[in-house]
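Asks: Take a look and give me a structure for this.
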Amino acid sequence: MSPIKTQSPIVKIVKKALPSIVSITMTKNLAGLESIFQLSKQAPLPVPKKKKIKVGGGSGFIVSKNGIVLTNRHVVEDLKADYVIVLHNGEKVKPKILGIDPIHDIAILQIHAPSASPRLQQGLGGQAGQFPFLEMGNSSNLDLGEQVIAIGNALGLFKNTVSLGIVSGLSREIQAQSELSDTAAKLRGLIQTDAAINPGNSGGPLIDISGKVIGINAAMVFGAENIGFALPINNAKKALGELKKYGRIRQPFFGIRYLQINKQLKNQFDLPVDFGALVISEPELPLGKSKAVIAGSPAERAGLKESDIIVEISGQKITPEISVNDILGDFRVGQKLICKILRGGKEKIISIILDEKSL
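Replies: Next up is the predicted model:
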């Protein structure tokens, strides 16, 4: 009699999670090359018709029975491309991009499951027209050393790649390079893990030992081993809340132009401090658009002026490493900021209520 095989908690979590994991592929129309050759007096070779070619992709996961999918913003950043989501059972569906949060590198997509398609539910479970989904946890109470599981479409080739690790660090900050473009963005408040995260894993879930998503796999460090990063799921929960309430993900608007102060700028402008943000116009901008404090902005209404130095926002010190924009990423439209500024060498406290940034 063969021994009874007992499943570990990790195996149970993975089996339950897999039907909710999706692959996201990006395709673009690439024009055929015109022939530059002629065979003696024959007509030129025909120009190939335009065709769609896969140029990128990533992972994602379903977080509601009606097909809401979370992934990284950089997975779907090319608005001229077409995207297809491949479900766990191999079925392909076209998503709609509902909202993008560039500050936190989050994208929210929607897919639909036609109830008339029984194949769509095969291998997925649940009722027709509904999707299995992952429950979101709380990323604000993580502990160093707790076990986590990363799942995704590693390298765009290896479906349902699972890796196990621990939370290695919290509130990390990195400069992340897009896999598809030359753009780079600073990401803050990240979860560091030694669970393997590879290109193509971007957008997949980081799951805790209770089976809840606590992060969205985002980046790895090239040249380093066992160092990966995930976006805290609480940022995605806030974005989902904004989308549900307002129909869009609102971006906060402050309304100043500034220079990040360091020791060099302190000496150059004879400033009283070597940190903070100097409110200053940009002379290279077109005439009429170079004001340091933008007309009608929250900053103007609060009384900020050119040459003010913002040294602190709501208890967070502005340093050469932490900018005003970095701090704004932690706040939402309508929230009040308490700013400590220096004006004429004297300290002053002002309150600013953030507006919504117009697109």
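Asks: In this structure, what helix or strand scores lowest on average pLDDT?
Replies: helix 118-121 (a mean of 51; mean pLDDT, DSSP states H and E).
Asks: Confirm for me that L328 is in contact with G255.
Replies: No: with contact defined as CB atoms under 8 Å, L328 does not reach G255; the gap is 10.9 Å. Just so you know, the C-beta spots here come from the backbone N, C-alpha and C atoms, and that holds for glycine as well.
Asks: In the stretch 101-250 of the chain, mark out all the helices, start to finish.
Replies: Here the stretch 101-250 of the chain has its helices, by DSSP state H, counting those that start in this stretch, at 118-121, 233-246.
Asks: Could you dump those into TSV with distance to I151 and mean neighbour count added?
Replies: Rendered in TSV, the data for the helices of the stretch 101-250 of the chain read as follows (distance: least, CB to CB, whole Å; neighbours: other CB atoms under 10 Å):
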stretch	distance to I151	mean neighbour count
helix 118-121	21	15
helix 233-246	14	17
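Asks: and K212, which of those is closest to it?
Replies: Proximity to K212, assessed across those by CB to CB, is greatest for helix 233-246 (8.3 Å).
Asks: immediately after the closest one, which helix or strand?
Replies: Tracing the chain past helix 233-246, the next element assigned as helix or strand by DSSP states H and E is strand 252-253.
Asks: what's in contact with that following strand?
Replies: Residues from elsewhere that reach strand 252-253, judged by CB atoms under 8 Å, 6 or more residues apart in numbering: 297-298, 328, 331-333, 335, 354-358.
Asks: what residue ranges in the stretch 1-150 of the chain are flagged as low confidence?
Replies: Scanning the stretch 1-150 of the chain with the threshold set as pLDDT under 70 gives 1-7, 28-56, 114-129.
Asks: From the recorded domain assignment, give the ranges for this structure.
Replies: Here the domain assignment for the chain is 9-29+49-121, 139-246, 252-356, based on automatic domain parsing.
Asks: Which among those is found nearest to F133?
Replies: So among those, domain 9-29+49-121 is nearest, using CB to CB, at 4.5 Å.
Asks: so how far is that closest one from its chain's centroid?
Replies: Remark: domain 9-29+49-121 is offset 15 Å from the chain centroid, using CA atoms, centre = their mean, to the nearest Å.
Asks: again with stretch 258-277
Replies: Distance of stretch 258-277 from its chain centroid, counting by CA atoms, centre = their mean, is 31 Å.
Asks: quick one: buried residues of that stretch?
Replies: Buried residues in stretch 258-277, counted by 16 or more other CB atoms under 10 Å: 258-261, 265-266, 271, 275-277.
Asks: Need those residues in CSV (columns: secondary structure and distance to S140).
Replies: Compiled in CSV, those are given as follows (DSSP: H, G, I helix; E, B strand; the rest coil; distance: CB to CB, whole Å):
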residue, secondary structure, distance to S140
Y258, strand, 30
L259, strand, 33
Q260, strand, 28
I261, coil, 31
L265, helix, 35
K266, helix, 36
L271, coil, 36
F275, coil, 27
G276, coil, 28
A277, strand, 27
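Asks: Tell me which two of these sit farthest apart.
Replies: Spatial extent of the buried residues of stretch 258-277 (CB to CB) is set by the pair Y258 and K266 at 14.5 Å.
Asks: mind listing what K340 touches?
Replies: Residues near K340 by CB under 8 Å, 6+ apart: 310-313, 347-349.
Asks: now it, nearest residue through space, not along the chain?
Replies: What sits nearest to K340 in space, not counting adjacent residues and going by CB to CB, 6 or more residues apart in numbering, is E312, at 3.9 Å.
Asks: Sheet partners, orientation included, of the helix or strand where the one you found lies?
Replies: For E312, the element it lies in under DSSP H and E is strand 309-313. Sheet pairing of strand 309-313 (DSSP bridges) gives strand 277-279 (antiparallel), strand 316-317 (antiparallel), strand 336-343 (antiparallel).
Asks: Next secondary structure element downstream of the last one?
Replies: Spelled out, that is strand 336-343. strand 346-353.
Asks: report the longest strand in this protein, please.
Replies: Counting by DSSP state E, the longest strand found in the chain is strand 158-177.
Asks: and it, what does it pack onto?
Replies: On a contact count with 3 or more CB pairs under 8 Å, 6 or more residues apart in numbering; DSSP states H and E, strand 158-177 meets strand 147-154, strand 184-193, strand 213-220, strand 228-232.
Asks: Can you get me a residue count around D101?
Replies: 22 (other CB atoms under 10 Å).
Asks: Alright, that wraps it up for me.
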